[in-house]
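**Student:** only geometry, no sequence info:
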């Protein structure tokens, strides 16, 4: 976390102290202090789980139970319309752009960002209005949603996400036949068109497309259901404030 990011998070936590009792803030303050390197880092008991920001007291599993997340059933119920719309976007290759958030990879990785914090992304809403409407209305929706496309021969190398307080879902949009799959911890699963995969990206994970086709998924993150309402509100405010510091997304 950079100095400016630390300042944003600290400001939000100081504001929260004026509104909430100390016990309601205990876990989030412990997590922030270790992330800011103001206390000894916490470690997961899971060898594959190595986030920079470890939030204490949350259940951890590489592949969480999808039944814990009602949003997945809502997405799959509307997956035919979503996938049809996103395939139309894919046919307009000028609609997508190279994705580079620092994740190690080789090959082609492109995206169309559909949600970024709580701010609307007008360009995405013009290109994919059905998908944006469904995503933004999901219960427990987090900070980021995007159409993520990896080309033939692409490998997103093994890495861990920054934190463990959100889970990530992939809805298969275009999945080529062949060796195209996703590993989280020590288990590998394939994508399936119009079906969701739910995983915790604080565990080591990697993806590859060793086919001659294009793979596209609708990627979106969701708040961990073990967070309290207060914790989620504060983390959401921090995420929205941090989004204003970044310049990765064209929201015009």
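**Tutor:** Great, that's in hand. Remember, it's a predicted structure, so these values are computed and weren't measured experimentally.
**Student:** contacts, neighbours, all on C-alpha from now
**Tutor:** OK.
**Student:** Where do the domain boundaries of this structure fall?
**Tutor:** 3-47+227-243, 66-223 (automatic domain parsing).
**Student:** now the last one, how far from the centre of its chain.
**Tutor:** Centroid displacement of domain 66-223 relative to its chain, using C-alpha atoms, centre = their mean, to the nearest Å, is 8 Å.
**Student:** sorry, back to before: turn the domains of the chain into a markdown table, including distance to residue 56, mean pLDDT and mean neighbour count.
**Tutor:** Below are the domains of the chain laid out as a markdown table (distance: least, C-alpha to C-alpha, whole Å; pLDDT from 0 to 100; neighbours: other C-alpha atoms under 10 Å):
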| stretch | distance to residue 56 | mean pLDDT | mean neighbour count |
| --- | --- | --- | --- |
| domain 3-47+227-243 | 6 | 85 | 15 |
| domain 66-223 | 9 | 93 | 19 |
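**Student:** Residue 55 is nearest to which of the ones you listed?
**Tutor:** For residue 55, the closest of those is domain 3-47+227-243, at 5.0 Å, according to C-alpha to C-alpha.
**Student:** and that closest one, how far from the chain's centre?
**Tutor:** Between the centre of domain 3-47+227-243 and the centre of its host chain there is 18 Å, according to C-alpha atoms, centre = their mean.
**Student:** one step back: I'd like the domains of the chain written out as JSON lines, with distance to residue 59 added.
**Tutor:** Output for the domains of the chain, formatted as JSON lines (distance: least, C-alpha to C-alpha, whole Å):
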{"stretch": "domain 3-47+227-243", "distance to residue 59": "10"}
{"stretch": "domain 66-223", "distance to residue 59": "9"}
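**Student:** separation between the residue nearest the centre of the chain and residue 30?
**Tutor:** For the chain, residue 221 is the residue whose C-alpha lies nearest the centre (C-alpha atoms, centre = their mean; 3.6 Å). From residue 221 across to residue 30, the span is 23 Å (C-alpha to C-alpha, to the nearest Å).
**Student:** now swap in residue 74 and tell me
**Tutor:** Residue 74 is 34 Å from residue 30, by C-alpha to C-alpha.
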